[in-house]
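**Q** After the sequence you'll find the predicted model.
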Amino acid sequence: MRRFLRPLTDSVTYTRWLHLLIPTAIVSVWLFISPDTPWAPMVFAVPVGLLPAMRLAEGVQAQLLLTPDERGSPDASISAASAMTWADRWRTVAWLEVRLLLSGVATFATVWLPATAVDLVLTVTDEGPSGDWLLRWVEPHSWYVLFVPLPLLVLLAVIVVCGKLVTAAARWLLSQSPVERLTALEERTEQLLERNRIARELHDSIGHALTVAVVQAGAARAAKDPEFTERALAAIEETGRDALDDLERVLRVLRESDAPVSQRPTLAEADRLLESARGSGAKVDAEMSGPVELVPGPVSREGYRILQEALTNVLRHSGTVPVRVRVRITVTDGRLELEVANPLTESAGPPGGGSGLRGIRERAALLGGKAKTGPYNGEWRVHASLPLDRLG
């Protein structure tokens, strides 16, 4: 019993009711203007639904009234974005038609069922029924008053059912498109990667600085030697300055992480990475083939990050000897193939299995691709293969 009564105490039931009644105002205005064409709003819904901004307006309203608990969540089942494709526009048209139909049912129940309850009450008075459609063909009796709660219970049931139906239709017809899902996934992935990166930076730099400061201060107090204390304070000062520089760099990353994904670098700017590696002493042999500039945005941006991490690992583990790096970027057969290789030397050694290499594999996996890292024929090789059709 409690299961059936729970929707009646849930506030979302009544916000959904309001959502169902909103189109009634528009339809009522039209019926006042042209009562002979009640079907016209259904026809007008077609050109209106084809407007890209209509999907945004309907999505915002649906999130607010149908699924308020999901509002603002990246996992919201109802999208609040303008239509990007014709498929989205036609889905919006279908949504408007469904909404108008369910609105008609809810409005009819809202008007006529309470009127029927009033008629049942009037049967025990001298006035008699008002001619409601339900009582028009029967002879009124005083015991009809026992059925007064029935129309109201039916009304509540209609409200709950229509609310669930309109919510299900919104989740189906106004849900995120594949492009929007991939973009949202990319946004969240970038945020998580930035958070992990910042956490590592803070742990390595600030944690080290605090450890040095604590140890030096404790040693100076225990030694009770002015000369040793002077050296300890100098070490603490130097370490603190370095930590402040690292903190400023981390905060700069935080400020830049708010930039939209579409403004972040792509493989079309790979020359910037290659020149930076050359400026650090690496001898880079780079070759790019295929229409790199036509690679879809998410794939191109992730490819840039993979290339950046691979080059960073090479420079970090190359030692003092200038290292030769071979970079190959190929776009062919619906895939992006990216390879970075450098000779293994005793002084440098392999990069190992750090978080950077794990991040490369995770980025590739998120796009449905694969990345391999490890020694191969005397080289340390990073090879990523990413599909280009993940937006379909």
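**A** In hand now; what should we look at?
**Q** where's Tyr14 relative to Gly59, distance?
**A** Distance of Tyr14 to Gly59, given as C-beta to C-beta, to the nearest Å: 21 Å. To be clear about C-beta, it is placed using only N, CA and C from the backbone, and glycine gets the same treatment.
**Q** Please say which of the two ends up with more neighbours.
**A** Neighbour totals were compared for Tyr14 and Gly59, and Gly59 leads with 23 against 14 (other C-beta atoms under 10 Å).
**Q** Ala268 falls within a strand, correct?
**A** No. Read with DSSP: H, G, I helix; E, B strand; the rest coil, Ala268 is helix and lies in no strand.
**Q** ok, which stretches of the stretch 51-200 of the chain are helices?
**A** With helices called from DSSP state H, counting those that start in this stretch, the stretch 51-200 of the chain shows them at 52-65, 86-122, 149-173, 178-201.
**Q** for the third one, what is the average pLDDT?
**A** Spelled out, that is helix 149-173. For helix 149-173, mean pLDDT rounds to 91.
**Q** Only the buried residues of it, if you could.
**A** 151, 155-156, 158-160, 162-163, 165-167, 169-171, 173 (16 or more other C-beta atoms under 10 Å).
**Q** would you list the helices of the stretch 51-200 of the chain in CSV and tack on distance to Asp36?
**A** Listed next are those as CSV, based on distance: least, C-beta to C-beta, whole Å:
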stretch, distance to Asp36
helix 52-65, 27
helix 86-122, 17
helix 149-173, 27
helix 178-201, 42
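**Q** need the least confident one among the ones you listed, by mean pLDDT.
**A** helix 178-201 (a mean of 69).
**Q** The chain: strands as residue ranges?
**A** 283-289, 324-332, 335-343, 370-376, 379-387 (DSSP state E).
**Q** Quick check: buried residues in the first one?
**A** Think strand 283-289. Neighbour counts using 16+ other C-beta under 10 Å place Val284, Ala286, Met288 of strand 283-289 among the buried residues.
**Q** Can you show me the helices along the stretch 201-350 of the chain?
**A** According to DSSP H, counting those that start in this stretch, the helices that the stretch 201-350 of the chain contains are 207-223, 226-256, 270-279, 297-317.
**Q** okay, those, which one's buried deepest?
**A** helix 297-317 (a mean of 21; mean count of other C-beta atoms under 10 Å).
**Q** so how far is that one from its chain's centroid?
**A** 23 Å (C-alpha atoms, centre = their mean, to the nearest Å).
**Q** so what does that helix touch, helix or strand wise?
**A** Secondary-structure packing of helix 297-317 (3 or more C-beta pairs under 8 Å, 6 or more residues apart in numbering; DSSP states H and E): helix 178-201, helix 270-279, strand 324-332, strand 335-343, helix 355-366, strand 379-387.
**Q** avg pLDDT for that helix?
**A** The model assigns helix 297-317 a mean pLDDT of 82.
**Q** and it with strand 283-289, angle?
**A** 160 degrees (axes from the mean of the first three to the mean of the last three C-alpha atoms, to 10 degrees).
**Q** how about CSV for the helices and strands packed on helix 297-317, with distance to Arg6 added?
**A** CSV is the format used below for these (distance: least, C-beta to C-beta, whole Å):
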stretch, distance to Arg6
helix 178-201, 31
helix 270-279, 57
strand 324-332, 55
strand 335-343, 51
helix 355-366, 39
strand 379-387, 46
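**Q** Among those, which comes closest to Ser34?
**A** Among the helices and strands packed on helix 297-317, the nearest to Ser34 by C-beta to C-beta is helix 178-201 (38.0 Å).
**Q** ok, for Pro38, nearest residue in space, not its chain neighbours?
**A** Excluding its sequence neighbours, the residue lying closest to Pro38 (C-beta to C-beta, 6 or more residues apart in numbering) is Leu31, at 6.1 Å.
**Q** ok, that neighbour - how many residues close by?
**A** Per other C-beta under 10 Å, the neighbour tally for Leu31 reads 15.
**Q** any idea how far Val48 is from it?
**A** Taken as C-beta to C-beta, the span from Leu31 to Val48 is 18 Å.
**Q** just curious, which of the buried residues of helix 149-173 is nearest to Leu388?
**A** Among the buried residues of helix 149-173, and counting by C-beta to C-beta, the member closest to Leu388 is Leu173, at 28.6 Å.
**Q** Once you drop chain neighbours, what's closest to the closest one?
**A** Leu173's closest residue in space is Trp95 (C-beta to C-beta, 6+ apart), at 4.0 Å.
**Q** if we can go back for a sec, including distance to Ala217 and mean pLDDT, could the strands of the chain go into a markdown table?
**A** Below are these laid out as a markdown table (distance: least, C-beta to C-beta, whole Å; pLDDT from 0 to 100):
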| stretch | distance to Ala217 | mean pLDDT |
| --- | --- | --- |
| strand 283-289 | 45 | 89 |
| strand 324-332 | 44 | 91 |
| strand 335-343 | 43 | 92 |
| strand 370-376 | 42 | 87 |
| strand 379-387 | 42 | 91 |
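**Q** Tabulate those (a markdown table), appending distance to Leu192.
**A** Output for these, formatted as a markdown table (distance: least, C-beta to C-beta, whole Å):
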| stretch | distance to Leu192 |
| --- | --- |
| strand 283-289 | 29 |
| strand 324-332 | 26 |
| strand 335-343 | 22 |
| strand 370-376 | 17 |
| strand 379-387 | 19 |
